[in-house]
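Enquirer: sequence first, then the predicted structure:
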Amino acid sequence: MSGCCGHDAKFEGVSDDYKRRLWIVIALNATMFGVEMTAGHVAKSQALQADALDFLGDALTYGISLAVIGASIRARTNAALAKGLSLLLMGLWVFGATVYRVFYVGVPEAEIMGVVGVFALLTNLASVLLLVRYKDGDANVRSVWLCSRNDAIGNVAVMFAALGVWGTATGWPDLVVATIMAGLFLSSSFQIVRQALVERREVARHGHAEA
């Protein structure tokens, strides 16, 4: 699809097919949040818990996206800004928790990290495949794609962390991956907020021009 950078008309999510896909992805993400957060606690893995938090953020993001489909541009950009802020907060939380763990490092259970990481990756690949045809759209739709992409990248990173923990018998690979994921949250937050503000300015400018 075209119109990714604000130059052409953007897909706004008004599609029964898109809504059905979102409902499926919401169910997948909510389920994996519970599984991965529990596994992260058992395995003492900061990377797993960070990825679980990303699953929760995605489920909430998709729910908000469904709620504002077909709404005014102001409502949709407000939703996108809220999601951008939530990603910012998640990134800061993961970063802060990771810094804390640096001073209290235990060795995570690499086997649990690896097995759960595989299941999470399969879940996210399914989500990405469901949503890839709608990856270019307004800020609201774009935020959905970015969150799905984050999860897939995060799961690959968790699997590398598991290998690192197993190979080094230390918790440092886990903490490094958690820090990288925090940076990914912050980067996505910036992209979503920036696009939402650009769209809001375009609407305001066109409104003044028509007046």
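Expert: Good, I have the coordinates.

Enquirer: now do the contacts for residue 158.
Expert: 45, 47, 48, 51, 113, 116, 117, 120, 177 (Cβ atoms under 8 Å, 6 or more residues apart in numbering). Using the backbone N, CA and C atoms, a C-beta is placed for each residue, glycine as well.

Enquirer: just residue 181 next, same as before
Expert: 47, 50, 51, 54, 94, 150, 154, 157.

Enquirer: tell me the pLDDT at it?
Expert: Note for residue 181: predicted pLDDT of 77.

Enquirer: helix, strand or coil: sort out it for me.
Expert: helix (DSSP: H, G, I helix; E, B strand; the rest coil).

Enquirer: next: residue 108.
Expert: coil.

Enquirer: follow-up on the earlier one: the contacts of residue 158 in helices, which ones?
Expert: Residues of these located in helices (DSSP state H): 47, 48, 51, 113, 116, 117, 120, 177.

Enquirer: Three-state assignment for the residue nearest to the second one when sequence neighbours are not counted, please.
Expert: Take residue 48 and drop its neighbours on the chain: the residue closest to it by Cβ to Cβ, 6 or more residues apart in numbering is residue 40, 3.3 Å away. Taking three-state DSSP as the rule, one finds residue 40 in the helix state.

Enquirer: residue 40: neighbouring residues, count only.
Expert: Around residue 40 there are 25 other residues, counting by other Cβ atoms under 10 Å.

Enquirer: which ones are touching it?
Expert: 46, 47, 48, 49, 51, 52, 116.

Enquirer: in the chain, which residue is closest to the centre?
Expert: residue 147 (2.7 Å; Cα atoms, centre = their mean).

Enquirer: surely it touches residue 54?
Expert: Yes - using Cβ atoms under 8 Å, residue 147 is in contact with residue 54, at 7.4 Å.

Enquirer: so residue 54 sits right up against residue 185, yeah?
Expert: Yes - taking contacts as Cβ under 8 Å, residue 54 lies within contact range of residue 185: 7.3 Å.

Enquirer: before we move on, the earlier item: go through the contacts of residue 40 and say which is closest to residue 134.
Expert: residue 51 (23.1 Å; Cβ to Cβ).

Enquirer: tell me who's in contact with the closest residue to that closest one other than its chain neighbours.
Expert: Here the nearest residue to residue 51 in space, its sequence neighbours aside, is residue 154; by Cβ to Cβ, 6+ apart that works out to 4.6 Å. Residue 154 makes contacts with 50, 51, 54, 124, 181, 184, as judged by Cβ under 8 Å, 6+ apart.

Enquirer: what about residue 154, helix or strand, and which?
Expert: helix 139-168 (DSSP states H and E).

Enquirer: do the same with residue 84
Expert: Per DSSP H and E: helix 73-102 holds residue 84.
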